[in-house]
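Student: sequence? don't have it. structure:
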Ligand SMILES: Nc1ncnc2c1ncn2[C@@H]1O[C@H](COP(=O)(O)OP(=O)(O)OP(=O)(O)O)[C@@H](O)[C@H]1O
């Protein structure tokens, strides 16, 4: 999904991407019910303004559904209210990177990155798209079509397309899952830098990723599922993957995830 970004508010403090102040997001009374199965019910979630919240939990618990609810996508069985803490509408202020990359097969990489602008009828900025592609290690891929890309390259194009939107609220569903370990580590850092100051919800199955990137870490688990917070280590993000504090936090997070599996 690609959504439009209105002009910056006059006088608003700007996050690193220089567009708009990022609001907090409040999800209230969220539920996901299919037939007799209640995945979650009356769930509340707050995303702090300008911070990254990482969401973990067992497969099938409802993480992507929660993301879709915030994005305003309609899904049978999914309900709840979502609002911004600045009182303004969320529409046009969210960028979503879904699990599927949704690249257009007939458009070159650079045009896929600028797809949102094109769909809105906005002037596209090829230089900015190329800069993002370079940052994500795709400097030689801009003229290729998606059929010529590996799975990891496709995922990086989808990431570039999400970052190109410069939206103040960014929702990402396992954005680095198809990448090799070294590339993943590098792009986690790049992404954190580009998204500094944005309100981000990042779904991941990787505890270390959550610990590197999350100002807050939440685990969704149980049936019906509930949210539990796990303390991140105190350093600023992106955290050093090799730090002792991160290793200590990882032990606690793995224990929480083990308990979550048992509850689900
Ligand atoms: N149309 C449907 N009918 C019945 N159940 C559905 C339907 N669509 C989704 N579900 C169920 O909703 C649950 C939540 O799915 P969701 O994709 O949100 O989970 P998730 O936590 O993101 O999973 P994963 O980590 O594997 O991506 C799953 O158990 C899934 O089987």
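Tutor: That came through fine. Remember, predicted model here, so these are calculated numbers, not experimental data.
Student: quick one, what contacts the nearest residue to residue 103 once chain neighbours are set aside?
Tutor: The spatial neighbour of residue 103 that comes closest, neighbours along the chain excluded (Cβ to Cβ, 6 or more residues apart in numbering), is residue 146 at 4.3 Å. Heads up, the C-betas are built off the backbone N, CA and C, glycines and all. By Cβ atoms under 8 Å, 6 or more residues apart in numbering, the contact list for residue 146 reads 101, 103, 104, 105, 107, 109, 112, 154, 157.
Student: near the ligand, from the residues you listed?
Tutor: Here nothing survives when these are matched to the ligand using Cβ under 6 Å from any ligand atom.
Student: Throw those residues into CSV and include pLDDT, secondary structure and distance to residue 226, thanks.
Tutor: Shown next, in CSV, are those (pLDDT from 0 to 100; DSSP: H, G, I helix; E, B strand; the rest coil; distance: Cβ to Cβ, whole Å):
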residue, pLDDT, secondary structure, distance to residue 226
101, 96, coil, 31
103, 98, coil, 36
104, 97, coil, 39
105, 98, coil, 41
107, 98, coil, 42
109, 98, helix, 41
112, 98, helix, 38
154, 98, helix, 34
157, 98, helix, 36
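Student: Buried only: go through these for me.
Tutor: With neighbours counted using 16 or more other Cβ atoms under 10 Å, the contacts of residue 146 contain these buried positions: 101, 103, 109, 112, 154, 157.
Student: Would you enumerate the residues in contact with the first one?
Tutor: Right, the one you point to is residue 101. 146, 154, 155, 157, 158.
Student: Report the two of these separated the most.
Tutor: Using Cβ to Cβ, the contacts of residue 101 reach their maximum pairwise distance at 146 and 155, which is 11.3 Å.
Student: just to revisit the earlier point, distance of the residue nearest to residue 103 from residue 162?
Tutor: Distance, residue 146 to residue 162, by Cβ to Cβ, to the nearest Å: 16 Å.
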